[in-house]
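Q: The sequence and its predicted three-dimensional model are supplied below.
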Amino acid sequence: MDSRFEKVYGTELDGRFDKKAELIRHIFNTLALVFDDTVMVGDRKEDIMAGKENGTGTIGVTYGYGSQLEISNAAPEHIFTSPQEIGKVIKQNQ
């Protein structure tokens, strides 16, 4: 899946982009992405909510820090238990 990523982003050391929704907006502005063509993959409720707030697709994963219940309650479009499952869906939607 490495070929699918242009760059990895996260919270800056000075605290900028601590809120995920703000980070996503920054990424979209920096890379001139299209919200409808993008998906937020996350292992916590905050990840899914940030994706929804910005109009991206959402995929919840159960192999990170969050629990199955937390991800289920966030109601992402898809829930996966492995990175391989994500790759299959991305390939199908190209």
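A: Nice, I can see it. Numbers count the residues shown, from 1 in each chain.

Q: give me the low-pLDDT residue ranges for this protein?
A: Scanning the chain with the threshold set as pLDDT under 70 gives 1, 93-94.

Q: What values do phi and psi take at the spatially most central residue of the chain?
A: Closest residue to the average C-alpha location of the chain: Met40 at 2.0 Å, with C-alpha atoms, centre = their mean. Torsion angles at Met40 (phi, psi; degrees, to the nearest 10) stand at phi -100, psi 120.

Q: wait, it sits on Val61?
A: No. In this structure, Met40 is not within contact of Val61 by C-beta atoms under 8 Å, at 10.9 Å. From N, CA and C alone the C-beta is placed, and that goes for glycine too.

Q: helices or strands up against the longest helix along the chain?
A: Criterion DSSP state H: the longest helix present in the chain is helix 20-31. Secondary-structure packing of helix 20-31 (3 or more C-beta pairs under 8 Å, 6 or more residues apart in numbering; DSSP states H and E): helix 45-53.

Q: Show me how far the helix or strand just after the helix it packs on is from its chain's centre.
A: Toward the C-terminal end, the helix or strand that comes next after helix 45-53 (DSSP states H and E) is strand 57-61. Here the centre of strand 57-61 is set off from its chain's centre by 6 Å, with C-alpha atoms, centre = their mean, to the nearest Å.

Q: about what we covered before: okay, the angle between the longest helix of the chain and helix 45-53?
A: 50 degrees (axes from the mean of the first three to the mean of the last three C-alpha atoms, to 10 degrees).

Q: Can you list the buried residues in stretch 73-91?
A: In terms of neighbour count (16 or more other C-beta atoms under 10 Å), stretch 73-91 has its buried residues at 74, 76, 79-80, 86.
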